[in-house]
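# Got a predicted structure plus its sequence, pasted below:
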Amino acid sequence: MARLLDDWLSVFLDYTEHMESPRFMRAWSGISAIAGALRRKVWIDQDQFIWTPGMYIIFVGPPGVITKSTTTDMSSNLLREVPGIKFGPNNITWQALATSFAASSEAFEWPAGSGDEHPMSPITLVSRELGSLLNPKDQDLVNLFIELYDGAKRYEKVTKMSGSDTVDTPWINLQGATTPTWIADNVPRSALGGGMISRCIFLFGDEKEKLVSYPARAIKNKPAHDQIKRALIHDLEHISMNLVGPYELTEDAYVWGDRWYRELWTGAKEHYNDDKLMGYIARKQTHLHKLAMILCASKKDELTITAEDLQVADQMLCSVEDSLEQVFSRIGRTEQSVQAERFIGLIKQRGAVPYDEAYRLIHAHFPDFRDFEGVCNGAIRSGQLTLWQNPKDGRFYLRDTGLPLSTDNPRPDANTETTAPNS
């Protein structure tokens, strides 16, 4: 079977254009689908270890805003139509995983015509709520995900009830969704420096790309849309059947990759004390080459990675790195500090809020007025908010310092009181 599309990922983005979720999130959802089709049938051999295309992609955002669950469904529903692709359970235990690996066991021939059979047990995990799939405090389960991401050829677990369970050549591809609150409540600060967290691609969003009240009505040509869907499924099946063997880097890719690696670790010296960044930096080369394989598979059957492929992969990774701070900023913080951040964000969103109304908004979290005053004064001194007295009604307002000037909401003059008014 021949391909129908020049670039699967580009067509997938066009196919999902009528949805509200941000384009970069839809792109990474499509990346997960291609990885799921490739499974463990392709790899990059590095002598003592291999890179396989399995990725752990996590969408993070406030509940309901960026349609995280719909984003995961966009690509996984296409992948479910591909014969032979196995999906794992929604609620993970070692026993459930062992059963899924056993059910997904298969073999592929490589090199072609050699008769050499290579076993594998690949599954794709899709979770609308990451908390139902992964418990970061279950160290045995976390260790499993770490070893499989790194391409372990065998995983063995010894239990009191069932003795020793062994899975040969297991492989996991993960796509999940969660909220910053869940991460703050469930991911310990000690986990930021490595382990499972550094092996995940976290994608943060808190705004819809556009408002679409009725997605089905936003499809301009339903027959053409359905035809594109069939082509996307067809090419995923083509990828799953025909791409087998090791990816090779061209000489220009090696030259570019070597320079990139040296620059990565030279620049990393200034981040040695930043656990969030260093864990990610330590895995970035792996992320880069996994992603490069997937981007290549999106366009061509040749198992060759060029310098341009690596450059595009690097650009995609760099574009999501700024979100790491937003994803992990609440870990290790007190509930009051988190609520204070939300309060300041609310004032900025509304532009200006009367002081007494602002207190009513946050009273449940700061019942002691002195605590509330402390939050306000801290926000004022740090330049995030301004206290302004409206000359028309005499009331005090908390204002976003970036609010545009206007006659109705002028910038306070230098003599305006900058401490909270007495209650």
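Here it is on my side, so go on.
# What segments of the stretch 251-400 of the chain are helices?
Taking DSSP state H, counting those that start in this stretch as the test, the helices found in the stretch 251-400 of the chain are 251-268, 275-299, 307-321, 323-328, 335-350, 355-362, 369-381.
# Which of those sits closest to residue 6?
Of all the helices of the stretch 251-400 of the chain, the one in closest proximity to residue 6, counting by C-beta to C-beta, is helix 275-299 (6.9 Å). Where C-beta positions appear, they are placed from N, C-alpha and C, glycine not excepted.
# give me the element the nearest residue to residue 33 once chain neighbours are set aside is part of.
Of all residues not flanking residue 33 in the chain, residue 75 sits nearest, at 3.6 Å (C-beta to C-beta, 6 or more residues apart in numbering). Assessed by DSSP states H and E, residue 75 sits inside helix 68-79.
# rewinding a little: out of the helices of the stretch 251-400 of the chain, deepest packed?
Highest mean neighbour count of these: helix 275-299, a mean of 21 (counted as mean count of other C-beta atoms under 10 Å).
# Give me the angle between that helix and helix 251-268.
160 degrees (axes from the mean of the first three to the mean of the last three C-alpha atoms, to 10 degrees).
# Please state the offset of the helix holding residue 75 from the chain centre?
14 Å (C-alpha atoms, centre = their mean, to the nearest Å).
# Okay, buried residues for the helix or strand following that helix please.
The helix or strand immediately downstream of helix 68-79 is helix 94-104, counting by DSSP H and E. Neighbour counts over helix 94-104 (16 or more other C-beta atoms under 10 Å) mark 94, 97-98, 100-101, 104 as buried.
# Restricting to C-alpha, output helix 94-104 in PDB.
Output of helix 94-104 as PDB, limited to C-alpha atoms (Å, rounded to 0.1, in the frame of the first residue of the first chain):
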ATOM      1  CA  TRP A  94       1.300  -3.900  37.300                       C
ATOM      2  CA  GLN A  95      -1.100  -6.800  36.900                       C
ATOM      3  CA  ALA A  96      -3.200  -4.900  34.300                       C
ATOM      4  CA  LEU A  97       0.000  -3.900  32.400                       C
ATOM      5  CA  ALA A  98       1.400  -7.400  32.400                       C
ATOM      6  CA  THR A  99      -1.900  -8.600  30.900                       C
ATOM      7  CA  SER A 100      -1.800  -5.900  28.300                       C
ATOM      8  CA  PHE A 101       1.800  -6.700  27.300                       C
ATOM      9  CA  ALA A 102       0.900 -10.300  27.000                       C
ATOM     10  CA  ALA A 103      -2.100  -9.500  24.700                       C
ATOM     11  CA  SER A 104       0.100  -7.200  22.600                       C
END
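# Point out the other helices and strands that the helix or strand following that helix packs with.
Next helix or strand after helix 94-104 toward the C-terminus (DSSP H and E): strand 106-109. Contact partners of strand 106-109 among helices and strands, from 3 or more C-beta pairs under 8 Å, 6 or more residues apart in numbering; DSSP states H and E: strand 117-127.
# Any idea how many residues pack against the residue nearest to residue 33?
29 (other C-beta atoms under 10 Å).
# which strands and helices sit next to the helix holding residue 75?
By 3+ C-beta pairs under 8 Å, 6+ apart, helix 68-79 packs against helix 8-15, helix 23-38, strand 56-60, strand 117-127, strand 170-178, helix 222-242.
# can you give me how far the fourth one is from the chain middle?
This points to strand 117-127. With C-alpha atoms, centre = their mean, you get 21 Å for strand 117-127.
# got the angle for it vs strand 56-60?
Interaxial angle of strand 117-127 relative to strand 56-60 (the same axes, to 10 degrees): 10 degrees.
# Quick one: list the elements packing against strand 117-127.
helix 68-79, helix 94-104, strand 106-109, strand 163-168, strand 170-178.
# got any ranges where the stretch 301-423 of the chain has weak pLDDT?
Along the stretch 301-423 of the chain, the parts satisfying pLDDT under 70 run over 329-336, 338, 364-369, 404-423.
# ok, residue 96 - contacts?
By C-beta atoms under 8 Å, 6 or more residues apart in numbering, the residues touching residue 96 are 88-89.
# just the one 10 residues further on next, same as before
For residue 106, the set of contacting residues under the criterion of C-beta under 8 Å, 6+ apart consists of 84, 119-122.
# What of residue 81?
Counting by C-beta under 8 Å, 6+ apart, residue 81 touches 233, 236.
# do the same with the one 4 residues further on
With C-beta under 8 Å, 6+ apart as the criterion, the residues that contact residue 85 are 36-37, 39, 79, 124, 240.
# what about residue 201, which SS state?
The three-state label given to residue 201 by DSSP: H, G, I helix; E, B strand; the rest coil is strand.
# Report the separation between it and residue 25.
Distance, residue 201 to residue 25, by C-beta to C-beta, to the nearest Å: 11 Å.
# residues touching the nearest residue to residue 109 once chain neighbours are set aside, list them.
Using C-beta to C-beta, 6+ apart and skipping the chain neighbours, the partner closest in space to residue 109 is residue 117 (6.1 Å). Contacts for residue 117 were tallied using C-beta under 8 Å, 6+ apart; they are 107-109.
# for those, which one is nearest residue 391?
Of these, the one sitting nearest to residue 391 (C-beta to C-beta) turns out to be residue 108, at 76.6 Å.
# Neighbours of the closest one, how many?
By other C-beta under 10 Å, 16 other residues sit near residue 108.
# so what's residue 400 bridging to?
For residue 400, the beta-bridge partners under DSSP bridges are residue 385.
# Could you give the number of residues near it?
Residue 400 has 19 neighbouring residues, counting by other C-beta under 10 Å.
# again with residue 395
Residues lying near residue 395 (other C-beta under 10 Å) number 13.
# Quick check, it in contact with residue 388.
No: judged on C-beta atoms under 8 Å, residue 395 makes no contact with residue 388 at a distance of 9.6 Å.
# Just to check, the residue nearest to residue 33 is in contact with residue 30?
Yes: taking contacts as C-beta under 8 Å, residue 75 lies within contact range of residue 30: 5.2 Å.
# Next, show the common contact partners of those two.
Common neighbours of residue 75 and residue 30, counting by C-beta under 8 Å, 6+ apart, are residue 12.
# quick check, nearest of the contacts of residue 117 to residue 46?
Taking the contacts of residue 117 together and measuring to residue 46 by C-beta to C-beta, the closest member is residue 108, at 20.5 Å.
# what about that closest one, distance to residue 43?
Between residue 108 and residue 43 the distance, using C-beta to C-beta, works out to 12 Å.
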